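Participant: Got a sequence here, can you model it:
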Amino acid sequence: MFLKQFQAVIFDMDGLLLNTEQISLDTFLETCRIFDLEPEPEIYLRCVGTNDNKTREIILDAFGSNFPYDAMRKIWVEKYENQVQTHPNLVKSGAKDFLKFIADSSLKTALATSTNYQMAVTKLKKTELFPFFLAIVGGDQVKHSKPSPEIYLKAAQLIEVDPKDCLVLEDSDIGVSAAHHAGMFVIQIPDLKAPSPETRALGHQVFPSFKELRTFLKNETGTH
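Facilitator: Predicted structure coming up:
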């Protein structure tokens, strides 16, 4: 009985539950062009799973310490938020059904996202996913960004569950690393980038979508 060994499931948000990483990448590339920069998707991919401070560090390292990051970020955020507000299919396929499945299993649920807390709440309310979570931890509520385990440890603390009794669902390598270092069991559903060999070496399970993961869990628990 796979789920029986856990007391809680902690979810990432962007790229896992929501189709927002592709939006963020597209608007990043658009913004780069405004600043006469050759768009480099790899630079963005290094930012996936990080909080604002780490993203700033990565971009300044790539474009130079004199790059007008604040001006660039303002345009990027405006483009991103506009796309998020108008996107017709923001929730990943199978995500809401999976959350209902977990709710029916009576496991506690929390969200641990590198996105700022208020923005996370806004997204979750817009997509009607907010009621599924007992606790939400945003990237601005911890000192250290993923791959530090801090955000996952804080989420577990808020729902009063020992880290070893938590199952984490992540899309990014950096998030998988954070959950692993928190001493939690982690399953990965990749989004924009396949797991690296180093991440694969952690030995965790990887599924292509919520549909396949839900089928696996149903077979393991004997539910229908």
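Participant: Report the residue ranges of every domain in this protein.
Facilitator: 3-18+90-221, 21-86 (automatic domain parsing).
Participant: Would you mind finding the most buried of the ones you listed?
Facilitator: Ranked by mean neighbour count, those are led by domain 3-18+90-221 with a mean of 19 (mean count of other CB atoms under 10 Å). Bear in mind the C-beta positions are built from the backbone N, C-alpha and C, glycine included.
Participant: distance between that domain and the chain's centre?
Facilitator: On the basis of CA atoms, centre = their mean, to the nearest Å, domain 3-18+90-221 sits 7 Å off its chain's mean C-alpha point.
Participant: hang on, the earlier thing: okay if I get the domains of the chain as a markdown table plus mean pLDDT?
Facilitator: Below are the domains of the chain laid out as a markdown table (pLDDT from 0 to 100):
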| stretch | mean pLDDT |
| --- | --- |
| domain 3-18+90-221 | 95 |
| domain 21-86 | 92 |
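Participant: in the chain, which helix has the most residues?
Facilitator: helix 69-86 (DSSP state H).
Participant: helices or strands next to that helix in the packing?
Facilitator: helix 20-34, helix 52-63, helix 117-126 (3 or more CB pairs under 8 Å, 6 or more residues apart in numbering; DSSP states H and E).
Participant: Using CSV, lay out those helices together with distance to residue 100.
Facilitator: Formatted as CSV, those follow (distance: least, CB to CB, whole Å):
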stretch, distance to residue 100
helix 20-34, 21
helix 52-63, 32
helix 117-126, 15
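Participant: Out of those, the one nearest residue 151 is which?
Facilitator: helix 117-126 (11.0 Å; CB to CB).
Participant: who touches the longest helix of the chain?
Facilitator: For helix 69-86, contacts defined as CB atoms under 8 Å, 6 or more residues apart in numbering pick out 20, 23-24, 26-28, 30-31, 34-35, 56, 59-60, 63, 90, 123, 126.
Participant: tell me the angle of that helix relative to helix 52-63?
Facilitator: Counting by axes from the mean of the first three to the mean of the last three CA atoms, to 10 degrees, helix 69-86 points 120 degrees away from the direction of helix 52-63.
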